[in-house]
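S.K.: give me a 3D structure for the following:
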Amino acid sequence: MEAMRLFCLVLAVSALSCIGTTASAETQTKWKPFQPSGDGYRIEFPGVPTVKRDTLPSRVGPAPHVEADLTSKGFSYSVELTTYASPSDPEAVLDLMATTVAKAGKVRSQTRLAVGADPARRFDIELPGGKFIATMLVVTDGTHVYQILCTSSRGQENSASVKHFTNSFALVQQ
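M.R.: As a prediction, the model looks like this:
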């Protein structure tokens, strides 16, 4: 699934970008709203992300996929939306993500929650090697799967930057 691809990418980016994070740099962060037209969400990034649109293969046919990424001040930020042709049970999708995440790193915690009316899960994952922690929020209605990911150096996973990024995610009317 695309989550495994994401973790491979995050590992590569994290190894290069998560060095030198400081609390003073974190307090100076200027957050900017990001709301791509027609994608049904908004979030705040500490700058302007790079956006890539493509299509991923899935068991129900090609799935439109959009990804927004930014690396800033020792943190790697990413939001992905994959839209599937036919719906699945949202809890089954979240269970599959939990299984995939467990294969990509050590799950330190998993929390069930909701974003709007949609079920969600938050994962805190220690990436292989133990130097980096990924905080991941997955939200789904069974057709749309949103993955919000912030990767930081160990010790920064509870920082204001990680919390601001993940807490700023919201579903919006399309």
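
S.K.: quick one: contacts for residue 78?
M.R.: Residues counted as contacts of residue 78 (C-beta atoms under 8 Å, 6 or more residues apart in numbering) are 6, 10, 67, 68, 69, 70, 147, 148, 149, 150. Where you see a C-beta, it was placed from the backbone N, CA and C, and this is true even at glycine.

S.K.: again, 7 Å this time
M.R.: By C-beta atoms under 7 Å, 6 or more residues apart in numbering, the contact set of residue 78 is 67, 68, 69, 149.

S.K.: before we move on, what about residue 145?
M.R.: Contacts of residue 145 (C-beta under 7 Å, 6+ apart): 82, 93, 138.

S.K.: cool, residue 62 as well?
M.R.: Shown in contact with residue 62 (C-beta under 7 Å, 6+ apart): residue 55.

S.K.: highest neighbour count among the contacts of residue 78?
M.R.: residue 149 (24 neighbours; other C-beta atoms under 10 Å).

S.K.: CA atoms of the helix or strand containing that one as CSV?
M.R.: With secondary structure defined by DSSP states H and E, residue 149 is part of strand 144-153. Taking C-alpha atoms only, strand 144-153 is exported to CSV below (Å, rounded to 0.1, in the frame of the first residue of the first chain):
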residue,chain,number,x,y,z
HIS,A,144,-10.9,9.2,0.8
VAL,A,145,-7.8,8.3,2.8
TYR,A,146,-5.9,11.3,4.3
GLN,A,147,-2.4,10.7,5.7
ILE,A,148,-0.9,13.5,7.7
LEU,A,149,2.7,12.9,8.7
CYS,A,150,5.4,14.8,10.6
THR,A,151,8.8,13.3,11.1
SER,A,152,11.2,14.7,13.6
SER,A,153,14.4,13.8,15.5
